[in-house]
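K.L.:
Below is the structure, and that's it, no one-letter string:
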């Protein structure tokens, strides 16, 4: 796990414009001016703790609310203190040792920003990338004696793999104490830093209580998660399997105190499952302007166990301040609790999660998850499989899904060409007289019931596809109607619960199209019919041009969704559109017996010898692609041996470092 650092450094100036005491008082004025806090009495613990430490040239502020990695709060603090004391203030943030941000303020104004990886959380426009490159000239007056702007400029462009090292390099150039530069409130308090703590002054704030009538309005209500409706968090599981829970609760009133978290239920009592002690909580504020990314992370204290009951606390410091008045959008919090459970023993049971706000104990919310845990089915693993890989291999070798996956170039008109093929597949997978369709796009879930094949050319799922350029991820699925027969549950949380298809934008110029049907419901003739539909679809793509690769397989799930990797089919790396450490399989032998048919586009063929491929596979040229079917008596393992030049592999450390250096030089995300 990488470092999570957040602090504000205030420049003392020449002669000193600021002192530790002046910074404490300036912070107190800013915090209490909003009407949300007041200074706690001396010796009182309070609801919010701020530590202030002084070095030769800078004074560091370590506010526990900044530990939520809120860039907006970082800016508000730096702006308020620099304006009050008429000096410079530098906001520093490190996210998981992957992203380093600097936010430089002068007299209350943000004058420069730096982001080592501006596309870490999503795409950034060229102007945004340039703005985040850092303008070293703006820092000239802050440089230590003998240091030059060119040195700072080189530090911004530095090729350090771990951003913590870049932070230390910049800190040395401007004279920030290196020990204080890499600190946050949590590190100072929880990680045992007695020498640094001895240098700190402490400011304790008490959050003003909500008016009784407002507190009474606080009710945490379970939120219907669109992701959960596609991939349920409960149901039948295998012994030894893990399940990742992400239940959400909504609250329309600002919270002023902490929330209790309790996990209980007979599934814990009977040891049907155990819950990992590390529990995370994501706080989304959809009203505040500075929370547009919608991600806040607070680590709950280790739960206390009492007779199979786990108790934790979401601290008050995890919650944002009230929405700025200028935004004119009501504050609406969504609290998402993330935890992992491990299926331990055969049996049935419930897991009960309850959140209780201290502002209104009667306004708590509850979710109940029901599990049926069964033994794992016997599966013939490939030769050479290691025992520790068994859980992953069981999922991969459980043949419950017929799937096809194609990667095509993302020409602007390509989506129009594939829509007719998706429509044909939709008719194939939905033979029921009445069915329920589900479309997931742009974070929204829409469902409806339709007669016959249920393919409506004017609305519904076609409108979801039309929205694709705005949301590079569309999932459409069909299932029996709500009052129809139950849908069989899948054990693997990444497996598709319904027959359907998806379109995903892997890169600006690459699309991935997936289609699947559950074999558990298919007769042999029906399965052959659907496999032929997939074959015709990919052949058509090959003739139309733009097919980079495709495969048909029968497994628990296809190349996405966690069974193999996040967004890659087996032979994708040769295209070199992604860093190898994102694509390479950590267990190359998992690809054994993965697909029954492969299509390789022209880009992949250049690294192969046709006669070697034809020795183990029947090869048919379709358009500019090769369609490969393994010859009778040969195996995919043998085919992979001749495809070794384009087969994914784990990159060496040197290759990963070289890739990172290349990205740093080119400015790629």
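P.N.:
Done, it's in. Here the structure is a predicted model, which means the values were calculated and not measured.
K.L.:
Against residue 420, how distant is residue 498?
P.N.:
To residue 420, residue 498 is 22 Å away according to Cβ to Cβ, to the nearest Å. The C-beta positions use only the backbone N, C-alpha and C, and glycine is treated the same way.
K.L.:
Now for this structure, the helix or strand with the poorest mean pLDDT.
P.N.:
Each helix and strand of the chain was given a mean pLDDT (mean pLDDT, DSSP states H and E); the minimum falls on helix 580-583 at a mean of 33.
K.L.:
State the mean pLDDT of the helix or strand following that helix.
P.N.:
Toward the C-terminus, helix 580-583 is succeeded by strand 597-600 as the next helix or strand (DSSP states H and E). What strand 597-600 shows for mean pLDDT is 87.
K.L.:
Which positions in strand 597-600 come out as buried?
P.N.:
Neighbour counts using 16 or more other Cβ atoms under 10 Å place 597, 598, 599, 600 of strand 597-600 among the buried residues.
K.L.:
again with stretch 103-121
P.N.:
If you call a residue buried by 16+ other Cβ under 10 Å, then stretch 103-121 has these buried ones: 103, 104, 105, 106, 112, 113, 114, 115, 116, 117, 118, 119.
K.L.:
So between residue 498 and residue 420, which is more surrounded?
P.N.:
residue 498 (22 against 11; other Cβ atoms under 10 Å).
K.L.:
picking up where we left off before, got the buried residues of strand 597-600 as TSV, with distance to residue 32 columns?
P.N.:
Below are these laid out as TSV (distance: Cβ to Cβ, whole Å):
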residue	distance to residue 32
597	68
598	66
599	66
600	66
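K.L.:
So which of those residues is the closest to residue 410?
P.N.:
Distance from residue 410 was checked for each of those by Cβ to Cβ. The minimum falls on residue 599, at 17.3 Å.
K.L.:
How about that closest one: what's its closest non-neighbour residue?
P.N.:
Once its chain neighbours are removed from consideration, residue 599 has its nearest residue in residue 550; the separation is 4.0 Å (Cβ to Cβ, 6 or more residues apart in numbering).
K.L.:
what are the bridge partners for the one you found, then?
P.N.:
Residue 550 has the following beta-bridge partners by DSSP bridges: residue 406, residue 599.
K.L.:
So it versus residue 512, what's the distance?
P.N.:
For residue 550, the distance to residue 512 (Cβ to Cβ) stands at 10 Å.
K.L.:
and if you look at residue 152?
P.N.:
Distance check for residue 152 against residue 512: by Cβ to Cβ, it reads 41 Å.
K.L.:
Among those two, which residue is more densely surrounded?
P.N.:
More crowded of residue 152 and residue 512, by other Cβ under 10 Å: residue 512, with 27 against 23.
K.L.:
Rounded mean pLDDT for the host helix or strand of that one, please.
P.N.:
When elements are assigned from DSSP H and E, residue 512 belongs to strand 510-518. Over the span of strand 510-518, the pLDDT mean works out to 83.
K.L.:
what helices or strands is the helix or strand where residue 615 lies leaning on?
P.N.:
Under the assignment given by DSSP H and E, the secondary-structure element containing residue 615 is helix 610-616. When contacts are defined as 3 or more Cβ pairs under 8 Å, 6 or more residues apart in numbering; DSSP states H and E, helix 610-616 sits against strand 625-630, helix 636-642.
K.L.:
Touching it from outside, list them.
P.N.:
Residues external to helix 610-616 that are found in contact with it (Cβ atoms under 8 Å, 6 or more residues apart in numbering): 619, 626, 628, 630, 631, 634, 638, 639, 641, 642, 643.
K.L.:
Could you double-check that residue 631 sits in contact with residue 642?
P.N.:
No: with contacts defined as Cβ atoms under 8 Å, residue 631 does not count as touching residue 642, sitting 11.8 Å away.
K.L.:
how near is the closest residue in space to residue 530 that isn't next to it in sequence to residue 204?
P.N.:
Counting by Cβ to Cβ, 6+ apart, residue 517 is the residue found nearest to residue 530 once chain neighbours are left out, at 5.3 Å. From residue 517 over to residue 204 the distance is 60 Å, taken as Cβ to Cβ.
K.L.:
cool, and residue 197?
P.N.:
For residue 197, the distance to residue 204 equals 14 Å [Cβ to Cβ].
K.L.:
of those two, who's got more company?
P.N.:
In terms of neighbours (other Cβ under 10 Å), residue 204 is the more surrounded of residue 197 and residue 204; the figures are 17 against 13.
K.L.:
In three-state terms, label residue 263 for me.
P.N.:
Remark: residue 263 carries the secondary structure label strand [criterion: DSSP: H, G, I helix; E, B strand; the rest coil].
K.L.:
and what of residue 367?
P.N.:
Residue 367 carries the three-state label strand when classified by three-state DSSP.
K.L.:
Can you give the contact residues for the host helix or strand of residue 528?
P.N.:
Of the helices and strands defined by DSSP H and E, residue 528 is found in helix 524-544. Contacts of helix 524-544 from elsewhere in the structure, counted by Cβ under 8 Å, 6+ apart, are 402, 404, 406, 408, 417-418, 421, 424-425, 428-429, 515, 517, 519, 522, 547, 550, 552, 597, 599, 601, 622-625, 627.
K.L.:
rerun at 6 Å
P.N.:
For helix 524-544, the external contacting residues (Cβ atoms under 6 Å, 6 or more residues apart in numbering) are 402, 404, 406, 417, 421, 428, 517, 547, 550, 552, 599, 622-623, 625.
K.L.:
Between strand 625-630 and it, find me the angle.
P.N.:
Relative orientation of helix 524-544 versus strand 625-630 (axes from the mean of the first three to the mean of the last three Cα atoms, to 10 degrees): 150 degrees.
K.L.:
Let me see the contact set for residue 116.
P.N.:
Residue 116 sits next to 99, 100, 163 when contact means Cβ under 6 Å, 6+ apart.
K.L.:
Beta-bridge partners for the first one, please?
P.N.:
It stands for residue 99. Beta bridges link residue 99 to residue 95, judged by DSSP bridges.
K.L.:
Check which helices and strands the helix or strand residue 338 falls within is in contact with.
P.N.:
Per DSSP H and E, residue 338 falls inside strand 333-343. Counting contacts by 3 or more Cβ pairs under 6 Å, 6 or more residues apart in numbering; DSSP states H and E, strand 333-343 is packed against strand 242-245, strand 248-251, strand 273-275, strand 280-285.
K.L.:
what's the spacing between the residue nearest to residue 530 and residue 103?
P.N.:
Remark: distance between residue 517 and residue 103 (Cβ to Cβ) = 50 Å.
K.L.:
Now do the closest residue to residue 171 other than its chain neighbours: how many residues are near it, please.
P.N.:
In space, and not counting its chain neighbours, residue 171 is closest to residue 181: 4.0 Å by Cβ to Cβ, 6+ apart. For residue 181, the number of neighbouring residues by other Cβ under 10 Å comes to 23.
K.L.:
Likewise for residue 34?
P.N.:
For residue 34, using other Cβ under 10 Å, the count is 12.
K.L.:
SS state for it?
P.N.:
For residue 34, the reduced secondary structure class is coil; criterion used: three-state DSSP.
K.L.:
okay, it: pLDDT?
P.N.:
Turning to residue 34, the model gives it a pLDDT of 76.
K.L.:
Now it: phi and psi?
P.N.:
Reported as degrees, to the nearest 10, the phi and psi values for residue 34 are phi -80, psi -10.
K.L.:
From residue 205, how far off is it?
P.N.:
Distance, residue 34 to residue 205, by Cβ to Cβ: 11 Å.
K.L.:
Could you do residue 624 as well?
P.N.:
As defined by Cβ to Cβ, residue 624 lies at a distance of 67 Å from residue 205.
K.L.:
Between those two, which is the more surrounded one?
P.N.:
Between residue 624 and residue 205, counted using other Cβ under 10 Å, residue 205 has the larger neighbour count: 23 against 14.
K.L.:
in a strand, that's where residue 6 is, yeah?
P.N.:
Yes: counting by three-state DSSP, residue 6 is located in a strand.
K.L.:
How many residues are close by it?
P.N.:
Neighbouring residues of residue 6 were enumerated by other Cβ under 10 Å; the total is 29.
K.L.:
now swap in the one 10 residues further on and tell me
P.N.:
Residue crowding around residue 16 was assessed by other Cβ under 10 Å; the count is 13.
K.L.:
Please consider this matter closed, and thank you.
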